[in-house]
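J.: here are the coordinates; sequence isn't available:
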């Protein structure tokens, strides 16, 4: 089976790497950014092109959501399977006469960070049983956690991930901004952060809530507001309001 | 040295346990909640009382910030050291003729969750060198990470912790609310959450940011807003606005 990955960003890189590590050969990695493609190609020993898309049985589109539709039009072949890796797009966003599927890995990908691929949940949606079998077989070589999911459900999976990952990371950025402003090393906070996450492996997050808002400690909340400004102040107010609402304070 | 812990909540329990595990004897655990005190007393084999405060050289007040002042008035002894464990209060909040210090463990404490105490940073502020020596010696038996900190700095440490821990946990609660609403097991998200935190041990959080806001993907942002309501919608808007501001999008 000939497989081509389209894209040269974080998802393309990590998927390509997961394929290579699990002995699933890739016929090509195709994209626009020659520098990135060249780097991936050299590290993983995969042919690349910015011009001529290789003939394949399976194309895996790993580009930003806003580019998926346009990129899908580059595939003019009919007898093949084309998948995108977006959490939020329907498989019907793909434009062409080929078979269409969604192949969504639930993980946060940064190029510079090693990943344990076998723990990544994959959510699949296909047009028919045969394509389902093909994609299950491939995904199962990478991960122990492969499931079907409708587009409707996948939208909520992605949304949950935005809260649990993207927003959490942004809180770390804002937290670091505060500690940096006082020359307090952010490393001091890593045991606390690790514990915050360890906790929810064992307890419901709702039961694990601590801090001034859930204690309804008006004095501290007011003090903190005086120390903050701009976006961090807005986050502070919004989060505390939401905490108070959740616990009916 | 006679040491008494005042309080029966999460901090009191975990500090008492850390003391006992490190062979620092406790003369008493004192508080109002007899049920909680009795449980701690039985588990850790420490005498407790709800009525008569034992005579001691060191009193460690582990109650909520809003109660510290009133509780400190219970100590009428003069020749002793009294400390509070709050991140946000000055040592001068303590009312009495004794020596006053702050003894702040930077961690999130839940009774039902085991903790590795030696990784907890302790921030100390004392009136004099002798008390500093006493508290450093005690804290160093528990943790490898003991530092001095002024009240001014401690306020910012606490505020950073609110963002990096309390708010992060609340995001997990709101994320779980979304996944629960679609009967998607929250366990699916744990590898993603673990990776989000693993990342910032290696990369600056600002460089690790992913998701629709930092990609400025208006289509997905709009779709997500349609799926949300109330507090979660407010969080969604506030966080995305803050992300866009940070990356000048």
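T.: Yep, that arrived. Small disclaimer: the values here were computed from a predicted structure and weren't measured.
J.: list the contacts of residue A:214.
T.: Applying CB atoms under 8 Å, 6 or more residues apart in numbering or on different chains, we find residue A:214 in contact with A:243, A:244, A:247, A:249, B:166. Glycine gets a C-beta too; all of them are placed from N, C-alpha and C.
J.: quick check: the fourth one vs residue B:111, distance?
T.: Pointing back at residue A:249 there. 21 Å (CB to CB, to the nearest Å).
J.: quick one, which of the two is more surrounded?
T.: Neighbours were tallied for residue A:249 and for residue B:111 using other CB atoms under 10 Å in any protein chain shown; the higher tally belongs to residue B:111 (15 against 11).
J.: surely the more buried one and residue B:12 touch.
T.: No - taking CB atoms under 8 Å as the contact criterion, residue B:111 and residue B:12 are not neighbours in contact, 9.7 Å apart.
J.: tilt between the helix ranked longest in chain A and helix B:230-246?
T.: When chain A is parsed with DSSP state H, its longest helix is helix A:230-246. Helix A:230-246 and helix B:230-246 meet at an angle of 170 degrees, taking axes from the mean of the first three to the mean of the last three CA atoms, to 10 degrees as the criterion.
J.: and helix A:230-246, what other elements does it pack with?
T.: helix A:168-181, helix A:218-227, helix B:168-181, helix B:230-246 (3 or more CB pairs under 8 Å, 6 or more residues apart in numbering or on different chains; DSSP states H and E).
J.: return the set of buried residues in the shortest one.
T.: Neighbour-count burial for helix A:218-227, counted by 16 or more other CB atoms under 10 Å in any protein chain shown, picks out A:220, A:221, A:223, A:224, A:227.
J.: the residue lying farthest from the centre of chain A: what's it in contact with?
T.: Most distant residue from the mean C-alpha position of chain A: residue A:219, 38.8 Å away (CA atoms, centre = their mean). Contacts were defined as CB under 8 Å, 6+ apart; by that measure residue A:219 touches B:65, B:66.
J.: just say helix, strand or coil for residue A:71.
T.: Three-state assignment for residue A:71 (DSSP: H, G, I helix; E, B strand; the rest coil): helix.
J.: next up, the contacts around it.
T.: Residue A:71 makes contact with A:6, A:7, A:61, A:63, according to CB under 8 Å, 6+ apart.
J.: 7 Å instead, please
T.: A:6, A:61, A:63 (CB atoms under 7 Å, 6 or more residues apart in numbering or on different chains).
J.: could you check how far it is from residue A:95?
T.: Distance check for residue A:71 against residue A:95: by CB to CB, it reads 10 Å.
J.: then residue A:222?
T.: Separation of residue A:222 from residue A:95 (CB to CB): 55 Å.
J.: got it, and residue A:110?
T.: As for residue A:110, its distance to residue A:95 is 30 Å (criterion: CB to CB).
J.: tell me how many other residues surround the residue nearest to residue A:53 when sequence neighbours are not counted.
T.: The spatially closest residue to residue A:53, leaving aside those adjacent along the chain, is residue A:30, at 5.3 Å (CB to CB, 6 or more residues apart in numbering or on different chains). The number of residues packed near residue A:30 is 26, by other CB under 10 Å.
J.: was I right about residue A:30 contacting residue A:46?
T.: No - using CB atoms under 7 Å, residue A:30 is not in contact with residue A:46, being 10.2 Å away.
J.: biggest strand in chain A by residues?
T.: Ranked by residue count and defined by DSSP state E, the top strand of chain A is strand A:99-105.
J.: quick one: mean pLDDT over it.
T.: Strand A:99-105 comes out with an average pLDDT of 97.
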